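Participant: Generate coordinates for the sequence data below:
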Amino acid sequence: MTKTINPSSIVVAVDGSDDSHRAVHWAAEQAHRERRPLLVVTATGAVDVPAIAWGGMAAAYVYQPQELLARGQAVADEALAIALHLYPALEVTATAILGDPRVVLTDVSRDTHMLVLGSRGRGAFRSKVLGSVSAAVSRDAECPVVVCRPRGRASADGAGVLVGADGTAESVPVLELAFAQASLLGRPLTVMHTLLDEHVGFRGPGMISAGEPGLEEHRLLLSESVAGLRPKYPEVETDLVLARGLAEECLSDRSGTWDLIVVGRHPVDTLFRLVTGAVATAVVERAHTNVIVVPQADPRT
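Facilitator: Model prediction:
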């Protein structure tokens, strides 16, 4: 990459689709709330446009690098204009980068505060930048990744922010980001810990009532997880809940009622972490609201 990125920036990836416009709205609002600069990025590759029939034969035109960059810059500039229309005082820049979007955006994630994506792209040139790529980037990025889903913007009657907690030391940054987002939005925070036990088979997945006995150890784990964060964010109304079932099912259940879901992603280096990493991907795929995927540190380092 030739573009130097301010490490305090929020980066939003765009391709001109409605989904990427939704991402621009979210990213601009987030940058405004956090008083951070916003960088709009279009990642473009060697994309073939549909063949044109001529003389009974088909011919495909391949865009040259400079043409791709010019078209990509036009898309980025359009998104920049949207951000400035929403927040005229916002510090916004836009750039187009040539390369595989998955590689480009993962590379960008090493040097930025947060990366924001739509959930899917469209068309030939406006290709797959935000479609399957959103899953790849949320899986591999080194910074928090926001995947903006349809119906995902926060509203006055939303249930607030939901975060999954597993009780490990590595999950503390996930919880802290969730507290920070709840504070920024002025919304309540629900911290959920999920468990699988012998009751799942006949009770089924779902929320566990506060009075259910025998779960004191799980409740203590949940309480200890947020003990250091509640004093730091006293303005955030916090609810601690237990749920029974697979984490991705519990976090995604009625996801459209939440303003935002925050989930951690373990490094993929063991079978356990492969499974827990897949939880984040599953939540992104199932959710009907915006999801932030937060990379967690490797406990061995």
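
Participant: Helix, strand, or coil at residue 211?
Facilitator: Under DSSP: H, G, I helix; E, B strand; the rest coil, the three-state class of residue 211 is coil.

Participant: Just give me the neighbour total for residue 189.
Facilitator: Burial of residue 189 is recorded as 27 neighbouring residues (other C-beta atoms under 10 Å). Where C-beta positions appear, they are placed from N, C-alpha and C, glycine not excepted.

Participant: right, I mislabeled it, should have said residue 288
Facilitator: There are 16 residues near residue 288, going by other C-beta under 10 Å.

Participant: The closest residue to it other than its chain neighbours in helix, strand or coil?
Facilitator: Nearest-residue entry for residue 288: residue 256, 3.8 Å, with adjacent residues in sequence omitted and distances by C-beta to C-beta, 6 or more residues apart in numbering. Classification of residue 256 by three-state DSSP places it in helix.

Participant: Does residue 256 touch residue 286 like I think?
Facilitator: No. The pair residue 256 and residue 286 does not pass the contact test of C-beta atoms under 8 Å, sitting 10.7 Å apart.

Participant: same question for stretch 20-28, mean pLDDT?
Facilitator: Averaged over stretch 20-28, pLDDT sits at 95.

Participant: Same question for stretch 91-111.
Facilitator: So the average pLDDT for stretch 91-111 ends up being 94.

Participant: give me the beta-bridge partners of the residue nearest the centre of the chain?
Facilitator: The structure's the chain has its C-alpha centroid closest to residue 146; by C-alpha atoms, centre = their mean the separation is 2.1 Å. With DSSP bridges applied, the residues forming beta bridges to residue 146 are residue 116, residue 292.

Participant: if I look at it, how far off is residue 228?
Facilitator: Using C-beta to C-beta, to the nearest Å, one obtains 25 Å as the distance from residue 146 to residue 228.

Participant: What are the boundaries of the strands in the stretch 101-250 of the chain?
Facilitator: Counting by DSSP state E, counting those that start in this stretch, one finds strands in the stretch 101-250 of the chain at the ranges 114-118, 145-148, 161-164, 189-195, 206-207, 238-244.

Participant: picking that back up, wouldn't the residue nearest to the centre of the chain be in contact with residue 29 here?
Facilitator: No. With contacts defined as C-beta under 8 Å, residue 146 does not count as touching residue 29, sitting 11.1 Å away.
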